[in-house]
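Participant: Here is my input, please return the structure:
(2 chains)
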Amino acid sequence: MTPHTSVTADEATVLADLTGLLARLMEDEYGLDDLVIGPRTTFNRDLELESIDLVTLAGLLQERYGDRVNFAEFLAGMEFDEIIELTVGRLVEYVVASLKAAEAS
Amino acid sequence: MAMVDTGAVRLHVQRIGPRDGRPATATLVLVHGLLTDSLASYYFTVAPAFAAAGLDVVMYDLRGHGRSERPADGYTLDDGVDDLEALLDRLAVTGPVHLVGNSYGGTVAFGYAARHPERAASVTLIESEPATPAWAVKLGGILDRVVTQLAHNETDAIAWITAHRGHNTARLARGAARLARDTTLGRDIPASRVLTEEQITAVRCPVLGVYGGDSDLAELAPWLEALLPDCRTVVLAGHEHSVLVEAAPAVGDQVLALVREAERAGAERAGAERTGAEVR
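Facilitator: Predicted structure coming up:
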């Protein structure tokens, strides 16, 4: 799938993208529209996302970045404790690295 | 997010395949367990490796679970098999499929194979069993505890779970309590029509049973092997009922080995039939 807009692989842009996607998810699924989301925000403790919410997030990432970012593979490579501790900042790093790898190839 | 309307219910479906554009070699259908489970248990564990191995991977949330619609009723095992049948029909999956089911999802997957033996290329039961009278009694006991203790005395039950099992388990338990309270699931599943021995042994495709060594269900392994025409079981030491998530790489390897064997055997049979036809 081709993303709708061009994508910049710098951390600030990706962080803004991801906080936007997460804000949309939290509003659609939980009706929450006043969350402050930053790099240190954890998916589990802070946002209280369930694993099925992460499947929805994977779909949003696919829409935004196409096949260059594979969230399912990223999580499949993690231990359970790492997933519990996963932060928005860690996902930003992964997305940036994936986009750079795709640019280089 | 892909929603598929089966005519009876709207189901949330995720389908992934080989990323390099190769045509998939076979279709694998993954069915999750009851109450606290969803397709996420596959999506973030074994599914990416299955797709990378060249398979067309279909995952869906059972009715009432995950992102699927939650009708107030229709939760017997037959309803579950009807949903799976209608879903594959809507997805135009016509050939035999490899079925994988975790816990109750395995009972649904086996129910589909028993109803349509010709459409099952293989079945993997992870911490699971076919629907027998003993199974219905056991599920009745478990669901009775969920409904009476959790759904009807939620505040106390959740406080206990938070203190003894932690915040995440408590959150899952709240979801399970909602499902038990909002639907007839707790009554429907134990009241399900179970399979006769004849229906169970009509499943002649290769069947794999995967169990956690510390799970009560591991004792089913010898029974299953003796009962079914083509069955082997694997017991993974040091794991309990959540062996799929805890030991995903090992479980995934077992499933892939079964699928490859079944596909090879199927191709050899087809080849032999062709040769036979030519000789005639």
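Participant: which helix is the longest one in chain A?
Facilitator: Across chain A, the longest stretch assigned as helix under DSSP state H is helix A:11-30.
Participant: Are there helices or strands packed against that helix, and which ones?
Facilitator: When contacts are defined as 3 or more Cβ pairs under 8 Å, 6 or more residues apart in numbering or on different chains; DSSP states H and E, helix A:11-30 sits against helix A:51-65, helix A:88-104. The C-beta positions use only the backbone N, C-alpha and C, and glycine is treated the same way.
Participant: Contacts only, for the residue of chain A found nearest chain B.
Facilitator: The minimum distance from chain A to chain B, using Cβ to the nearest Cβ, falls at A:Ser51 (3.5 Å). Each residue near A:Ser51 by Cβ atoms under 8 Å, 6 or more residues apart in numbering or on different chains is listed here: B:Ser38, B:Ala40, B:Ser41, B:Tyr43, B:Phe44.
Participant: In helices, which of the residues you listed fall?
Facilitator: B:Ala40, B:Ser41, B:Tyr43.
Participant: For chain A, see how far away the second one is.
Facilitator: Translated: B:Ser41. Note on B:Ser41: its distance to chain A, by Cβ to the nearest Cβ, to the nearest Å, is 7 Å.
Participant: how deep is the closest residue to that residue other than its chain neighbours tucked in, by neighbour count?
Facilitator: In space, and not counting its chain neighbours, B:Ser41 is closest to B:His32: 5.4 Å by Cβ to Cβ, 6 or more residues apart in numbering or on different chains. Residues near B:His32, counting by other Cβ atoms under 10 Å in any protein chain shown, number 27.
Participant: can you give me how far the one helix or strand in chain A whose mean pLDDT sits lowest is from the chain middle?
Facilitator: Ranking every helix and strand in chain A by mean pLDDT, DSSP states H and E puts helix A:80-85 at the bottom, with a mean of 85. Computed by Cα atoms, centre = their mean, to the nearest Å, the chain-centroid distance of helix A:80-85 equals 15 Å.
Participant: Now tell me what touches it from outside.
Facilitator: A:Thr42, A:Asn44, A:Arg45, A:Leu75, B:Phe44, B:Asn168, B:Val245, B:Glu246.
Participant: so of those, which ones are in strands?
Facilitator: With strands defined by DSSP state E, no entry of the contacts of helix A:80-85 lies inside them.
Participant: Including distance to A:Tyr65, could those residues go into JSON lines?
Facilitator: What follows is the contacts of helix A:80-85, written out as JSON lines (distance: Cβ to Cβ, whole Å):
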{"residue": "A:Thr42", "distance to A:Tyr65": "22"}
{"residue": "A:Asn44", "distance to A:Tyr65": "23"}
{"residue": "A:Arg45", "distance to A:Tyr65": "26"}
{"residue": "A:Leu75", "distance to A:Tyr65": "15"}
{"residue": "B:Phe44", "distance to A:Tyr65": "18"}
{"residue": "B:Asn168", "distance to A:Tyr65": "28"}
{"residue": "B:Val245", "distance to A:Tyr65": "26"}
{"residue": "B:Glu246", "distance to A:Tyr65": "30"}
